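K.L.:
any chance you could fold what I've pasted below:
(chains A and B)
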Amino acid sequence: MATNSFTGNTRKVTAHLTQNESLSFEKSSPGKKGYKLGPLDVPAVDASALLGAAVRNTEPTLPELSEIEIIRHFTRLSTWNYAIDLGMYPLGSCTMKYNPRVNEFVSRLEGIAEAHPYQPESLSQGALEVVKLLQDCLLEITGMDAITLQPAAGAHGEFTGILLARAYHESKGNPRKTIIIPDSAHGTNPATAASCGYQVINLKSNSQGGVDVAALAEIVNEDTAAMMLTNPSTIGVFENEIHKIADVLHDKGALLYMDGANMNALVGKTRPGDFGVDVMHLNLHKTFSTPHGGGGPGSGPVACKKTLEPFLPAPVLTRGSDGQLHWNYDRPQSVGRVRMLYGNFGMFVRALAYILANGPDGLRQTTEDAVLNANYIRKKLEDVYELPYATPSMHEVVFSDRRQTKNGVKTGDIAKRLIDYGFHPYTVSFPLIVAGALMIEPTESESREELDLFIDAMRQIAREADENPELITTAPHSTRVSRLDETTAARKPVLRWKGPPAPNGVEIDTAAKEW
Amino acid sequence: MRYLPKSDAERAAMLRDIGAASIDELFSVIPNEYRLTRDLNVPRQMGESEIIDHFKAAAQKNANGYTSFLGAGAYRHYRPVIIDSLVQRGEFLTSYTPYQAEITQGTLQAIFEFQTMICELTGKDIANASMYDGSTGAAEAVMMAVRITGRDGVLVARTAHPEYREVMHTYAQHQGHDAREIDYGSDGRIDLAALDAAVTNQTACVLVQSPNFFGIVEDIPAIAEIAHKKGALLIVSIAEAVSLGIVRPPVEADIVSMEAQSFGVALSYGGPYCGVLAAKEKYLRQMPGRLVGETRDTEGRRGFVLTLSTREQHIRREKATSNICTNQALVALMATIFMTVYGKQGIRELALQNLAKAKYAADTLGKQGKLLFASTPRFHEFVLQTDETPDQLNVRLLEKKIIGGLSLKKWYPELGNATLWCATELTTKEQINTAASVLANAPVTAAAR
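P.N.:
Residues are numbered from 1 along each chain as shown, chains lettered A, B, ... in the order given. This next block holds a predicted model:
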């Protein structure tokens, strides 16, 4: 990076070369191959004769490349990504913790990776034992009574959980009409409620950013199916009146749904099943260390109380009198399937490996360290960034950009500047109840050294906001590309490659001269 | 605990800096009565070698060394080694959703390539960044068609994967649309006359799977004509992505919902797999899920961003096109690498091998029973009717370490002793011949039944 565009002490990073790489289509040339099939040991067939009018006559424009080119292509692309493996990833509510490599190893063992979902149950007992042990561990961790691992991600878990609530109410003769959702909730919550046929009632947070129990009591009625509550909340605060919230809902026959996005603050310290939650989802890709992989796959198990068990998606796992595990499809009250087969099994393997690596002591220590790290950051930054809520923080801390905006520097700018210091940005402008939010979740995976580097970077950026705000509003200065034109991207969408190959197969990166 | 990068001394020092007397002070906000004061009852902390042993023991209890003829929406294809090498790079594996475009161009460009390849294979204008899987993708496609048309009638072919149909019904039940199933005819394809009679001007969409659950290629142009003449959309669900190498893409479809598991993704006892939706461009604003678009940075350099997010839940909340957030990005990357490895020629050659193996298997095994829908074009699956029950048959096959076809009794009882068989490029002639010889040795009592 050029010294004239970067001031401050960047102890964490140094500029280095990255390779340019065009699209695979632009590198393609006819006749190159990256594959070799074995010889056909059965008679060759005439596709046109077999398929008739259904035969494919057009060739798809897929790239033609050799193996080394493919390796370099994707390796070069990979170097343009930030990743947990490179450093701290303080994305609030995303729980970007270390993804242990033994998880990856065991998920690829042949008897696990090659197991066909329809192979006989007698030849799937190992897979089913993995499912069973993970279910048992998650039930113990949440304090709930029954569980399904079928949902493929958190939002899918929410959908499943609200379907359970709906089926429960229907079994009592009335599905009810509304779901109450605090204004601090993730967008998936209202979207889920709508997809289950419910009307969303927004609940305004109180002055501490938590649930206003009195206001809640006023709006809960016989039409309320459930409340979707994230606990700790998206500002990282434990709802210390959680039992009252549950009571208010239960008094009217409504259920308490807990969004388990922030379960990393609770594991081994308290259990949702003990504080009145009726149904909840977990994110294995957050709390239980399965990799985010650039946006998925996830896994969103749903745990519930005994009263909701009859409604779980089919099949459910049961142990027969022979000691063998079986999928039980005979579930007359089930909400139905939410996904084919049994869920993202490969993620179950990884999550279980994580639990086994931790044990009860490790799980508790993990939670304690996650909370310790967030509070350490809070303490070290609260004099330079505005803390909108003084309520004690759990696993994440939310600041606002109020002091920096007087210089025209917004949370999104600070986030981009953080990139120059070698960090992934925190979560920007969320939750919505905090104007200009900086939502920081360090997780337990950060050493004190890494936290101190982050704190230094944030403090330097606060100074820069006073001394040279333009440096921040034009950041990042050290990346392959600078800020991208999102407006044009949305106005004139280009969602696939259409163009002819560049003459030499490479788009010349003439602007990449700033360092 | 080896994942935690702190000594007790450092923890104590940090607590001092915070001004907390103990770690419990940081949890004091949790009411006393809800604090867990005992150890969780989970297995004790294990060493890495113990963890590996634990899962090796589990793997040993699953099928090992068996020949398998199972397909039915989960297919065993060769997975080129470089796929796993590349997706295990930490920069892909441990990266988040690419909201911060400047430091996630790798993931974004790869998804852009994925979207392009899916468009090329399916013959559609646009494709999204992935859905959970083929079953939920099909359900989302139906909801998309309902939004586009403002109609509430949904017609689904009974030849679509039974579990996809179950998922569609689960999604549909509270959306105010009813999903009716259309039976199949004697050729194993959707009954066109029944479909024609069922489509009305209140029909939002017709959903068919092709190749269908029996492995048969549906007559897409004819189905499209029936749907379109009443203004209904056609959704084509594709459970076997490899088929697109040799089977004509569903160009008449308005929306294609595809499962890309066949493109280099492990069977893994049912997941994670990779759904994806493709559609005509005019339906872009109703597309659920993430989309990557090309744009320029402030210096004019090409770059990629997540775009059109005003469709999505984090912006639109209860008015979003879907509640989907996390998708299957890393699995989509696996599929992208697979498509890059096989490329333009390879995908065709691969599909041709599948076609040839299945033809040989159907001919060979068909002699030991009755091949159903024998004269209808199919890809690499076929239905075999036998005198023996599927259970009896499979017991004998298992003795020879062969997992035979999937029993269809649960879903299609009218087909009697019918099993669904699949052959891919990995199925050998010898395996097919061995299975045929086991079938040929059916006990006389069973045959006489």
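K.L.:
residue ranges in the chain under the pLDDT threshold?
P.N.:
You didn't pick a chain, so chain A it is. A:1-9, A:501-515 (pLDDT under 70).
K.L.:
nope, chain B
P.N.:
In chain B, residues with pLDDT under 70: B:444-449.
K.L.:
could you chop it up by domain?
P.N.:
Listed by automatic domain parsing, the domain ranges of chain B are B:67-78+B:344-448, B:81-338.
K.L.:
which residues touch the closest residue to chain A within the stretch 301-449 of chain B?
P.N.:
Proximity of the stretch 301-449 of chain B to chain A (CB to the nearest CB) peaks at residue B:330, 2.8 Å away. (Glycine included, C-beta is placed from N, CA and C.) Taking CB atoms under 8 Å, 6 or more residues apart in numbering or on different chains, we find residue B:330 in contact with A:291, A:293-297, B:87, B:92-93.
K.L.:
and it, how far from residue B:119?
P.N.:
Distance from residue B:330 to residue B:119, counting by CB to CB, to the nearest Å: 21 Å.
K.L.:
follow-up on the earlier one: tell me which of the domains of chain B sits most buried.
P.N.:
Ranked by mean neighbour count, those are led by domain B:81-338 with a mean of 23 (mean count of other CB atoms under 10 Å in any protein chain shown).
K.L.:
what's the end-to-end length of that domain?
P.N.:
End-to-end span of domain B:81-338 (CA to CA, to the nearest Å): 10 Å.
K.L.:
and if you look at stretch A:89-96?
P.N.:
Its first and final residues considered, stretch A:89-96 spans 6 Å by CA to CA.
K.L.:
which residues sit against it?
P.N.:
Residues contacting stretch A:89-96 (CB under 8 Å, 6+ apart): A:82-84, A:186, A:234, A:236, A:261-262, A:264, A:283, A:286-287, A:292, A:377, A:395-396, A:398, A:423-427, A:430, A:439-443, A:445, A:454, B:94, B:96.
K.L.:
can you give me the strands in the stretch 201-350 of chain A?
P.N.:
A:224-230, A:255-259, A:279-281, A:302-304, A:316-319, A:325-328 (DSSP state E, counting those that start in this stretch).
K.L.:
against which helices or strands is the second one packed?
P.N.:
Just to be clear, that refers to strand A:255-259. Contacts defined by 3 or more CB pairs under 8 Å, 6 or more residues apart in numbering or on different chains; DSSP states H and E place strand A:255-259 against helix A:154-171, strand A:224-230, helix A:242-251, strand A:279-281.
K.L.:
cool, and the last one?
P.N.:
Helices and strands touching strand A:325-328, as assessed by 3+ CB pairs under 8 Å, 6+ apart, comprise helix A:125-142, strand A:316-319.
K.L.:
can you give the strand pairings for that strand, parallel or anti for each?
P.N.:
strand A:316-319 (antiparallel) (DSSP bridges).
K.L.:
residue A:211: how many residues sit nearby?
P.N.:
Per other CB atoms under 10 Å in any protein chain shown, the neighbour tally for residue A:211 reads 25.
K.L.:
what residues are up against it?
P.N.:
Shown in contact with residue A:211 (CB under 8 Å, 6+ apart): A:182, A:203, A:205, A:229, A:233, A:239, A:241, A:245.
K.L.:
many thanks, I have nothing further to ask.
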